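[1] Build me a model from this:
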Amino acid sequence: MKNYRLLCLIILNVFYSYPQQAKLNSGDKKYDGYAYIDAIKTYERVANKGYKSEDLFKKLGNSYYFNSEFEGAAKWYGELFTINTSPEAEYYYRYAQSLKSTGQTDKANKIMNEFNAKYKNDSRGKLYREDADYLTEIKANSGRYKIEDAGINSKYSDYGSFIYNNTIYFASARDTGNFSQRKHKWTGEYYTNIYSANLDQQSGTVLKTSKFKTALNSKFHEATPVFTKDGTTVYFTRNNYIDGKKGKDDNKITLVKIYQAHLENGKWANVKAVSFSSDNYSTAHPALSPDEKTLYFASDMPGTMGQSDIFKVSINPDGSFGTPQNLGSSINTEGKETFPYVTSENEIYFASDGHPGLGGLDVFVGQIEDNGTISDIQNLGNDINSPKDDFAYIINSDTRQGYFSSNKDGGQGSDDIYQFLETKRLKCLQELYGVITDSESKIVLPGTKVTLYENHKIKNSTVSSTSGEYSFAVECGKTYSVRAEKPDYATKEVDITIARTNGKTNLPIALDKSVCKVAIGDDLGKCFGIKMIYFDLDKSNIRTEAALDLEKILDVLNQYPTMKLDIRSHTDSRASHQYNEALSDRRAKSTIKWLIKNGVAKNRLTGKGYGETELVNQCSDGVNCTEEEHQMNRRSEFIITGL
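    The predicted structure follows:
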């Protein structure tokens with residue numbers, strides 16, 4: 001890639017530190033008399049002791065999967081498959097995706113083949129059979145353009161076009177000038193200046209090309225001009241050079257800045273750098289929003305996520321600028337994002353080497369949402385893109401005609417400008433919407449973070465409204481994952497395949513509580529769904545599955561050494577009152593004995609068997625009840641008596 005194409009956009013190797021997620025303090029924590037229990041960490045500690053449970057491994061696998069920690073997800077899903085070789089479809093898919101993400105492609109394919117065999121109608125299986133990766137998307141997005149040479153190219157570099165008043169403006173290194181004309185030592189070519197060419201109003205063909213002889217051009221690089229609709233203001237990119245002086249950063253390097261100028265008495269004057277530029281970072285490639293209230297640009301300024309990001313800045317009525325804002329991770333990557341262009345349809349076109357493409361810079365398009373986020377990013381296909389650098393895409397939303405630049409094979413110079421006609425639109429869109437609720441109480445959950453994924457990649461994110469509602473613009477025919485996250489609730493992810501026609505798709509999501517807030521008098525067992533500590537018939541010895549549940553209780557007691565429990569065992573009414581009371585009492589004492597044996601101080605535990613004396617329904621002696629109703633009375637309770 002030729003560095004001058006980015007106008008010497010020097011990217012320093014800045015390493016960002018991403019703090020690990022804070023671990024919960026395992027010691028005492030008291031919040032206004034409550035204890036907050038992190039069930040997932042308890043599950044993992046229990047599992048690491050050798051206890052096995054399908055429910056345990058599902059929860060552990062999901063906890064890693066939802067945080068994109070695929071090595072941990074693959075580990076626990078693998079454990080799941082050792083005890084259940086035929087779980088639900090979702091776990092086949094998540095396990096395969098986790099394996100693929102950790103480089104275990106052959107094993108992932110094996111799991112997906114099993115998935116396909118068992119769930120033939122699952123759309124994800126169909127996408128797998130069709131090899132629906134980014135190359136498939138690129139192929140699907142191809143064949144939509146008629147492309148030809150723009151008629152303004154030379155044997156030197158020509159790139160970055162803008163149309164104003166039936167004239168095309170672009171950058172070119174063709175000016176060999178006189179004997180004193182200098183070459184850029186990085187590229188071996190002459191510095192670029194802004195050129196213009198008149199276009200035939202009917203055919204659009206080039207009539208005459210000439211150097212833009214104004215104060216905008218200097219002896220260093222200029223490129224990518226954009227004019228306001230009234231033609232009185234221009235923004236453009238130039239090396240950090242003004243009034244005959246070069247600006248340099250702390251490393252003595254001359255970077256690039258966005259400059260602006262105003263038309264005064266028919267001449268461009270008052271050339272100055274925009275206020276948000278700096279000697280210590282680059283700003284380049286300006287693009288105006290259709291209402292001319294926002295300027296988009298590329299930069300490596302502080303807050304950049306990768307080598308260069310796309311930012312926006314508001315233009316105030318008096319011509320001053322607001323504070324630049326990074327467009328975020330939905331568009332910016334650890335690589336380069338540059339050459340933005342915004343249309344009247346709120347589409348943003350840009351070049352990137354960080355999004356999946358064919359090589360080098362590829363051109364992508366995303367949708368600018370009302371909240372300013374970027375969604376539905378797609379590669380434009382192999383008509384525009386190639387294994388080389390393809391960039392500086394502009395398009396007329398009405399005529400679907402435009403230009404882009406590329407150093408693809410077959411051009412005249414190191415970079416060339418191509419003109420195109422888009423013969424087929426890219427998108428069929430739908431609205432994906434729903435309401436987030438509490439699964440138990442059914443109340444709506446405002447403030448829930450809702451994230452839209454496609455192939456594990458974030459497409460968009462929002463927060464549910466005061467009525468619990470969310471919505472995204474999605475593309476027809478695609479499969480997405482919608483993830484809902486809220487404190488004190490278990491993260492949930494739901495997959496949805498959008499119909500291939502315009503319209504709306506409703507996807508409500510109900511969340512389960514995951515973090516227990518307990519106080520004195522509460523049943524600790526409810527944190528983990530423990531309804532009954534199971535014993536063999538007529539016996540009181542601890543069974544293996546009972547020990548698994550008791551390990552959860554033990555872990556909490558170890559976290560909260562001042563917590564005290566009263567352990568209560570209950571039966572149904574289908575034996576004698578005396579027998580039930582004695583059996584339940586033995587079981588309560590057996591539970592206490594197990595906890596003491598595993599390190600809990602005796603004075604922290606009390607317990608008693610209540611037999612059938614505290615039934616939770618009408619199923620007493622002589623009442624005809626179902627098995628489910630009797631089961632409600634057979635229960636174990638772990639009542640907190642002290643914190």
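
[2] Who does K267 form a beta bridge with?
    Note on K267: beta-bridge partners by DSSP bridges are E264.

[3] That one is in contact with A215, isn't it?
    Yes - taking CB atoms under 8 Å as the definition, K267 is a contact partner of A215 at 7.3 Å. Glycine gets a C-beta too; all of them are placed from N, C-alpha and C.

[4] what sits in contact with each of the two?
    By CB atoms under 8 Å, 6 or more residues apart in numbering, K267 and A215 have no common neighbours.

[5] Bridge partners for F420, pull those for me.
    I147, G402.

[6] Distance check, L548 against T294.
    Look at L548 and T294: by CB to CB, to the nearest Å, they are 57 Å apart.

[7] Could you do K608 as well?
    With distances taken as CB to CB, K608 is found 70 Å from T294.

[8] now do I592
    From I592 to T294 the distance is 67 Å (CB to CB).

[9] go on, K442?
    Distance from K442 to T294, by CB to CB: 42 Å.

[10] same thing with H456?
    Counting by CB to CB, the gap from H456 to T294 is 31 Å.

[11] These two: which has the busier surroundings?
    T294 (18 against 13; other CB atoms under 10 Å).

[12] quick one, helices of the stretch 401-550 of the chain?
    Along the stretch 401-550 of the chain, counting by DSSP state H, counting those that start in this stretch, helices occupy 544-559.

[13] What's opposite the residue minimising distance to the centre of the chain in the beta bridge?
    Centroid-nearest residue in the chain, with CA atoms, centre = their mean: I458, separated by 2.5 Å. Here I458 sits in beta bridges with Y453, going by DSSP bridges.

[14] Can you report how many residues neighbour the closest residue to E54 other than its chain neighbours?
    Nearest non-adjacent residue to E54, counting by CB to CB, 6 or more residues apart in numbering: N84, 5.2 Å away. Look at N84: counted by other CB under 10 Å, it has 13 neighbours.

[15] so N84 sits right up against S53, yeah?
    No - applying CB under 8 Å as the test, N84 and S53 come out as separate, 10.3 Å apart.

[16] Residue most distant from the centroid, this structure?
    Most distant residue from the mean C-alpha position of the chain: Q578, 60.8 Å away (CA atoms, centre = their mean).

[17] Which of the three states applies to it?
    Three-state assignment for Q578 (DSSP: H, G, I helix; E, B strand; the rest coil): helix.

[18] The stretch 101-250 of the chain: helices as residue ranges?
    Counting by DSSP H, counting those that start in this stretch, the helices of the stretch 101-250 of the chain are 105-118, 123-129, 134-140.

[19] which stretch in the ones you listed is the model least sure about?
    Comparing mean pLDDT across the helices of the stretch 101-250 of the chain, the weakest is helix 123-129, with a mean of 53.

[20] Would you double-check that F391 falls in a strand?
    Yes - assignment of F391 by three-state DSSP places it within a strand.

[21] and it, how many residues sit next to it?
    29.

[22] looking at it, it is touching A351, isn't it?
    Yes - the criterion here is CB under 8 Å, and F391 meets it with A351 at 3.6 Å.

[23] Give me the below-cutoff pLDDT ranges for the stretch 101-250 of the chain.
    In the predicted model, the stretch 101-250 of the chain carries pLDDT under 70 at residues 101, 122-135, 176-189, 203-204.

[24] Could you check how far stretch 452-466 is from the centre of its chain?
    Its chain's C-alpha centre and that of stretch 452-466 lie 7 Å apart, by CA atoms, centre = their mean, to the nearest Å.

[25] now what about it, what contacts it?
    Taking CB under 8 Å, 6+ apart as the rule, stretch 452-466 contacts 68, 97, 101, 133-134, 329-330, 369, 371, 373-377, 432, 435-436, 444-451, 470-474, 478-484, 493.

[26] Quick check: phi and psi at the closest residue in space to K478 that isn't next to it in sequence.
    Of all residues not flanking K478 in the chain, I498 sits nearest, at 5.6 Å (CB to CB, 6+ apart). Dihedral angles of I498 (phi, psi; degrees, to the nearest 10) stand at phi -80, psi 140.

[27] confidence score at I498?
    92.

[28] One more: L583?
    83.

[29] So the nearest residue to S218 once chain neighbours are set aside versus N217, what's the distance?
    Leaving aside its sequence neighbours, S218 sits nearest to Y241 (CB to CB, 6+ apart; 5.5 Å). Distance, Y241 to N217, by CB to CB: 11 Å.

[30] contacts for stretch 348-357?
    133-134, 138, 296, 306, 310, 331-343, 360-368, 374, 377, 379-380, 385, 389-395.

[31] change it to 6 Å
    134, 310, 333-342, 361, 363-366, 368, 379, 391, 393 (CB atoms under 6 Å, 6 or more residues apart in numbering).

[32] Quick one: mean pLDDT over it.
    85.

[33] Any buried residues in that stretch, and which?
    Across stretch 348-357, burial judged by 16 or more other CB atoms under 10 Å covers 348-355, 357.

[34] Also stretch 314-329?
    Those would be 315, 324, 326-328, for stretch 314-329 by 16+ other CB under 10 Å.

[35] just stretch 595-602 next, same as before
    595, 600.

[36] Hmm, L358 and D389 touching each other?
    No - contact criterion CB atoms under 6 Å: D389 and L358 do not qualify, at 10.5 Å.

[37] Which one's more surrounded, those two?
    D389 (25 against 18).

[38] can you pull out the strands in the stretch 401-550 of the chain?
    401-406, 416-422, 429-438, 449-454, 457-463, 469-475, 479-485, 492-497, 503-506, 509-511, 515-518 (DSSP state E, counting those that start in this stretch).

[39] Summarise which helices and strands the first one is packed against.
    Translated: strand 401-406. Packing partners of strand 401-406 (3 or more CB pairs under 6 Å, 6 or more residues apart in numbering; DSSP states H and E): strand 158-164, strand 390-395, strand 416-422.

[40] roughly how far out does it sit from the chain middle?
    Going by CA atoms, centre = their mean, where strand 401-406 is centred and where its chain is centred differ by 29 Å.

[41] Not counting sequence-adjacent ones, nearest residue to E148?
    Setting aside the residues directly before and after it, E148 is nearest to Q419 in space (CB to CB, 6+ apart), at 6.0 Å.

[42] hang on, that neighbour packs against Y403?
    Yes - Q419 is within contact range of Y403, at 5.3 Å (criterion: CB under 6 Å).

[43] Out of the contacts of stretch 348-357, which end up buried?
    310, 333, 335-342, 361, 363-366, 368, 379, 391, 393.

[44] Of those residues, which belong to strands?
    310, 337-342, 363-366, 368, 379, 391, 393 (DSSP state E).

[45] quick one, what contacts P487?
    Counting by CB under 6 Å, 6+ apart, P487 has no contacts.

[46] any idea how far F227 is from it?
    With CB to CB as the criterion, P487 and F227 are 49 Å apart.

[47] now T491
    48 Å.

[48] Please apply the same query to Y77.
    For Y77, the distance to F227 equals 56 Å [CB to CB].

[49] Over to F162?
    For F162 relative to F227 (CB to CB), the value is 7 Å.

[50] Mind checking which of those two has more residues around it?
    Shown here are F162 and F227; by other CB under 10 Å, F162 has more neighbours (23 against 19).

[51] G503 - nearest residue in space that isn't next to it in sequence?
    Using CB to CB, 6+ apart, the closest residue to G503 is Q430 (5.6 Å).
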